[in-house]
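[1] Sequence first, then the predicted structure, then my questions.
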Amino acid sequence: MSKEIIFSKEAPAPIGPYSQAVKAGNTLYVSGQIALDADTGELINENITEETHAVMKNLEAVLRAAGFAFADVVKCTIFIKDMGQFATINEAYGQYFKSNPPARETVEVSKLPKNVNVEISCIAVK
C-alpha cells in the first residue's frame with residue numbers, strides 16, 4: 001500500500017508535526033481542521049456559524065488537493081467546546097452533506113487548538 005502526504009495551500013499549514021492529510025491506498029485521512037484563514041493565519045470566529053463554514057472550507061480544500069470531494073467522505077469527527085452550540089454547528093455542517101451524509105461522532109471537549117470552538121476531521125474513500 002502506498003502512502004502519500006497531501007498538502008493544500010488553500011488550507012492552513014499544519015501548526016505541529018502532522019500532515020493536512022494522508023492518502024493510503026484509496027482512503028484519505030484528513031487531519032482536524034479549524035477556522036484559520038490560509039492566507040492570513042487569522043482565526044475566523046466572529047460567530048459559530050461563520051467558524052463552522054470556515055472549518056468546512058478548509059476541509060474541502062484538503063479534500064480537493066487529493067482529488068476528493070465531500071461526496072467521498074465516509075466519516076467525520078466533530079470536536080466542540082460547548083454542546084450548547086451543537087444545533088448551530090450541525091446546521092452549517094449539514095449544508096455540505098445534503099444527501100447520503102457520512103457517519104460521524106460529535107464530542108464536547110474542554111479546549112481546542114488556538115482556543116477555537118470547533119474542529120472537524122474526516123475520512124474519505126474513492
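    Noted; the coordinates are in hand.
[2] Next up, the contacts around residue 109.
    79-81 (Cβ atoms under 8 Å, 6 or more residues apart in numbering). (Glycine included, C-beta is placed from N, CA and C.)
[3] Would you mind finding the longest helix in this structure?
    helix 48-65 (DSSP state H).
[4] What is that helix packed up against?
    strand 21-24, strand 27-33, helix 86-94, strand 118-125 (3 or more Cβ pairs under 8 Å, 6 or more residues apart in numbering; DSSP states H and E).
[5] Pull out the buried residues from the first one.
    Put plainly, it is strand 21-24. 21-23 (16 or more other Cβ atoms under 10 Å).
[6] ok, and what's touching it?
    Contacts for strand 21-24 (Cβ under 8 Å, 6+ apart): 1-6, 28-31, 62-63, 65-66.
[7] ok, 7 Å please
    When contacts are defined by Cβ atoms under 7 Å, 6 or more residues apart in numbering, strand 21-24 is touched by residues 1, 3-6, 28-31, 62, 66.
[8] Excluding chain neighbours, what is closest to residue 10?
    Leaving out its chain neighbours, the residue that sits closest to residue 10 by Cβ to Cβ, 6 or more residues apart in numbering is residue 61, at 3.7 Å.
[9] any idea of the angle the longest helix of the chain forms with strand 118-125?
    Here the directions of helix 48-65 and strand 118-125 differ by 30 degrees (axes from the mean of the first three to the mean of the last three Cα atoms, to 10 degrees).
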